[in-house]
Structures are given as structure tokens and as C-alpha cells.
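S.K.: take this sequence and fold it.
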Amino acid sequence: MNARAQPLPQPLDAPLSGVDIHGRGPVSLALALFLHRQGLPGDAIGLTIHDAALPAALANRSIALSDGSWQLLGRICELPAAGLIRTVDIAIAGHGLHASLDERDAAGRPLGHVVRYGDLLQCLREAADRLSLGKPANAAPIGTIGRLQVDAEGHSERGETRDFDQSALLAELVPVPVANERRLLPGPGCACEHFKPSGPIALLPLAQAPAVSLVWCDRPARIEALAALDDGALGDALQSALGPAYRRFEPRGRRHVAPLARRRSAIVAGHDRVAIGNAAQSLHPVAGQGLNLGLRDAFVLAAVVGDGLAARWPVARCVQVQAARRRRDVARTIMLTDRLATLGDLLLGGPPGLGAPAAAALALLEMATPLRRLATRQFVFGRR
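M.R.: Sure, this is the predicted structure:
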């Protein structure tokens with residue numbers, strides 16, 4: 001949240017005149033840029049840009065952007081260097097079966113792009129600066145009537161929380177050369193989602209190929225133990241967890257541990273206030289949907305504001321329309337990521353025999369083109 005004082009309550013019929021954005025991350029900046037693209041003048045957009053250096057752990061964190069998000073961001077800023085995701089390999093531990101989604105399932109477009117958080121934030125800051133957004137002169141007087149308040153960071157303590165009993169080990173890996181490495185996963189442009197009983201393991205291609213980003217989800221005590229291993233021992237542990245179909249990797253640089261929980265607060269926070277991005281929901285990192293969902297929140301809200309200005313809607317009407325337009329996509333994405341986060345535990349740690357139907361479902365995904373295309377569309381564009 002920024003340091004600005006909170007505006008006074010405003011009447012329910014106050015016509016929309018501007019937007020105040022509380023937050024300094026990618027979703028906040030993207031919303032300001034989307035609003036400007038909708039025709040909202042800079043002095044109607046309240047935004048604080050914080051240009052202090054990010055902590056290294058956050059600046060270097062790898063973020064998976066779906067191609068849908070990439071296309072949206074390409075309308076408002078110059079995009080940073082990225083690792084292309086052309087194929088996603090999906091595997092369930094212990095079954096030796098793999099299913100894949102690739103560009104053919106997305107009309108020839110890449111499935112995603114992997115960027116560093118700091119690089120993306122800088123590109124958005126520069127775009128906002130070029131348009132003179134976020135300058136102090138843009139700040140409306142406190143109590144100005146008709147301004148929509150948008151929370152884009154933090155979360156409500158009154159919201160719903162789901163604890164997955166998992167933490168994530170975040171690291172960068174480099175492959176160790178071996179014979180016949182071309183036959184091993186992941187290949188160039190390939191992301192991997194490997195489901196194990198205690199949590200998924202993801203490998204994401206970086207722009208600095210052949211390096212990849214690791215997101216290893218497991219029980220918190222296990223993740224702490226893995227984070228304490230030396231590079232060689234961690235490489236051994238990862239190879240054992242993934243199996244012989246995967247090439248050997250060893251970490252480079254610092255590692256980071258993040259506790260995992262899913263939080264969701266109300267999309268509607270009041271008759272003149274709305275929550276988007278992390279203020280509305282924070283998701284398990286499986287399938288990399290969190291920031292993508294937040295960017296769709298911002299894009300739709302900007303369109304709602306554009307409609308509201310054209311039709312002279314009151315602020316409360318804009319809040320209601322945003323909630324209605326985002327309900328299905330948010331609910332579907334949360335449901336899918338919740339289920340994927342615990343998929344390995346359900347299928348591999350559940351009743352005996354449950355793994356066989358899971359393997360059959362994976363084989364069906366591999367063989368059924370319509371099913372692959374449906375899954376691809378959900379993760380690339382969300383529910384529309």
C-alpha cells in the first residue's frame with residue numbers, strides 16, 4: 001500500500017472521475033498503463049512509482065508469463081528478454097508417462113515467456129515515466145468525489161486462506177553435459193511440470209539458455225533440508241526426484257525458500273473500492289498463474305473504467321461490473337491451481353489403485369487434440 005491518506009467515503013451515485021491505485025508492482029503499473037490506453041488522462045490516475053532498488057532475491061525471481069499476458073503487455077511497454085516456452089511436458093512420478101502441450105495447441109504461438117521480475121518491473125516503470133504517469137502532480141486531493149480506489153498489493157486478513165503444507169525452493173540451474181543429452185528433458189524451449197506425492201517440481205527455460213529456473217515444492221522441512229545441501233548434493237537429489245528421463249542439473253547462485261499458501265479476498269472491497277492482483281488472490285505457483293491472473297484483472301478493470309467514463313456510471317456501478325466480469329476466470333483459475341498443487345498427493349498418496357486412472361488420464365491428454373487445446377487455452381488466456 002502507498003503512504004497516501006485514505007479518501008473519505010463517497011456517495012453511491014458519485015460519477016466516476018478517476019482512479020487511485022494502491023500498489024507499486026507490475027499489476028499496479030500495468031493497470032495505470034491500460035487506463036491511459038483507454039483514454040484516461042494522466043491527472044485522473046493516482047499512482048505512486050517507487051524506484052528504489054529491489055531486493056536481489058525479488059529482482060532475480062523468474063516469472064512465467066502466458067502468451068496471453070505477453071500480448072497484453074506488448075500493448076503498453078517494451079518487453080524484456082525472455083525464455084520462450086514452446087512445449088510443456090507433464091509427468092506423474094513413478095508412471096513413466098508424459099503428456100505435452102505445445103505451440104500446435106496454441107495456433108502456432110509460444111505458450112509462455114519466462115522473465116525476471118526486476119526486468120519486467122523496470123520496463124513497466126519506464127513506460128509509465130514516458131507518459132508522465134505516477135508523478136506527484138497526478139495525485140488528486142484527498143476526498144475527491146468519484147474516484148475508484150484500487151488495491152493491487154497485499155491481502156485482506158478477512159479473506160480465505162488455504163495452507164498447502166508446502167514451501168518452494170527457488171533456484172537457477174545449469175545442465176551438466178552428458179552423452180545423448182538431446183534425448184533428455186527438458187529440451188530447448190521446454191518447461192516441465194513433474195508431479196510428486198508431496199508437491200510439484202517445475203523447470204522453466206530462461207533467456208540465458210541453457211540455464212533453467214527451478215521451483216521445487218515439497219513439505220517445508222524437506223525444502224529447508226534441500227536448501228542447505230551443497231550444489232552437488234542438491235543436483236543428486238533433484239536427479240533422484242525427477243528420474244532418468246531428465247538431464248542432470250546443478251544449481252548456481254543463491255537459493256531462496258518461500259512458504260506456500262493460497263489467499264483469496266473479496267473481489268469487491270466496497271462500493272468505491274476493488275481489489276485486483278495479489279490484493280484479491282495469491283495462488284500456488286504451480287502452472288505459473290498468479291501474475292497472469294492479476295494482469296487479466298487489470299486489463300478488464302481498465303476496460304470497465306473506459307465503459308464507465310463513456311456511460312457516466314457511478315463508481316459503485318464500476319465496482320459491480322468488475323466483479324461480474326472477473327468472477328468466472330478467477331474462480332476457474334483458483335480451482336485449477338488448487339487441484340494441481342495437490343495432484344501428486346491425491347494420485348500418488350491416496351488409496352491404492354488411484355494412480356492407474358491418473359496415468360490413463362495423462363495418456364488421454366497426450367492423445368486427444370481437443371482436450372490439449374482446451375487445457376492450453378485455459379492456461380494461456382484464462383476463462384472468457
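
S.K.: output the contacting helices and strands for the helix or strand residue 64 falls within.
M.R.: Assigned by DSSP states H and E, residue 64 falls within strand 62-66. On a contact count with 3 or more Cβ pairs under 8 Å, 6 or more residues apart in numbering; DSSP states H and E, strand 62-66 meets strand 112-116, helix 117-130, helix 290-311, helix 369-381. All C-beta atoms are positioned from the backbone trio N, CA, C, and that covers glycine.

S.K.: mind putting the ones you listed in a markdown table, mean pLDDT and mean neighbour count included?
M.R.: Listed next are those as a markdown table, based on pLDDT from 0 to 100; neighbours: other Cβ atoms under 10 Å:
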| stretch | mean pLDDT | mean neighbour count |
| --- | --- | --- |
| strand 112-116 | 97 | 25 |
| helix 117-130 | 96 | 18 |
| helix 290-311 | 97 | 22 |
| helix 369-381 | 74 | 17 |
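
S.K.: among these, which comes closest to residue 219?
M.R.: helix 290-311 (21.2 Å; Cβ to Cβ).

S.K.: list the buried ones in the helix or strand just after that closest one?
M.R.: Later in the chain than helix 290-311, the nearest helix or strand by DSSP H and E is helix 315-341. Residues of helix 315-341 classed as buried by neighbour count (16 or more other Cβ atoms under 10 Å): 315-323, 325-326, 329-330, 333-334, 336-338, 340-341.

S.K.: how about residue 164, what does it touch?
M.R.: Residues near residue 164 by Cβ atoms under 8 Å, 6 or more residues apart in numbering: 199, 217, 260, 261, 262, 284, 341, 342.

S.K.: that one - that's part of a strand, no?
M.R.: Yes: the assignment for residue 164 is a strand, going by DSSP: H, G, I helix; E, B strand; the rest coil.

S.K.: against residue 24, how distant is it?
M.R.: Noted for residue 164: a distance of 27 Å to residue 24, by Cβ to Cβ, to the nearest Å.

S.K.: cool, residue 49 as well?
M.R.: In this view, residue 49 and residue 24 are 7 Å apart by Cβ to Cβ.

S.K.: same check on residue 74?
M.R.: Per Cβ to Cβ, residue 74 is found 22 Å from residue 24.

S.K.: same drill for these two, tell me which one is more crowded.
M.R.: Counted by other Cβ atoms under 10 Å, residue 74 and residue 24 do not tie: residue 24 has more neighbours, with 21 against 10.

S.K.: the closest residue to that one other than its chain neighbours: what secondary structure?
M.R.: Nearest residue to residue 24, sequence neighbours excluded (Cβ to Cβ, 6 or more residues apart in numbering): residue 50, at 4.4 Å. Assigned by three-state DSSP, the conformation of residue 50 is coil.

S.K.: any chance you could map the helices in the chain?
M.R.: Along the chain, counting by DSSP state H, helices occupy 26-37, 56-59, 67-74, 117-130, 220-227, 231-242, 290-311, 315-341, 343-348, 355-367, 369-381.

S.K.: hmm, who's touching the fifth one?
M.R.: Meaning helix 220-227. Contact with helix 220-227 is made by 165-169, 198, 216-218, 234, 237, 255, 257, 259, as judged by Cβ under 8 Å, 6+ apart.

S.K.: pLDDT value on residue 183, please?
M.R.: Per-residue confidence (pLDDT) for residue 183: 77.

S.K.: residue 355 now?
M.R.: Listed pLDDT for residue 355 reads 53.

S.K.: hmm, back to that, what's the ChimeraX syntax to select whichever of the contacts of residue 164 are buried?
M.R.: If you want just the buried ones from the contacts of residue 164 in ChimeraX, going by 16+ other Cβ under 10 Å, the selection is:
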select :199,217,260,262,284,341,342
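
S.K.: where is pLDDT lowest across the contacts of residue 164?
M.R.: pLDDT across the contacts of residue 164 is at its lowest for residue 342, which sits at 82.

S.K.: brilliant, that's me finished.
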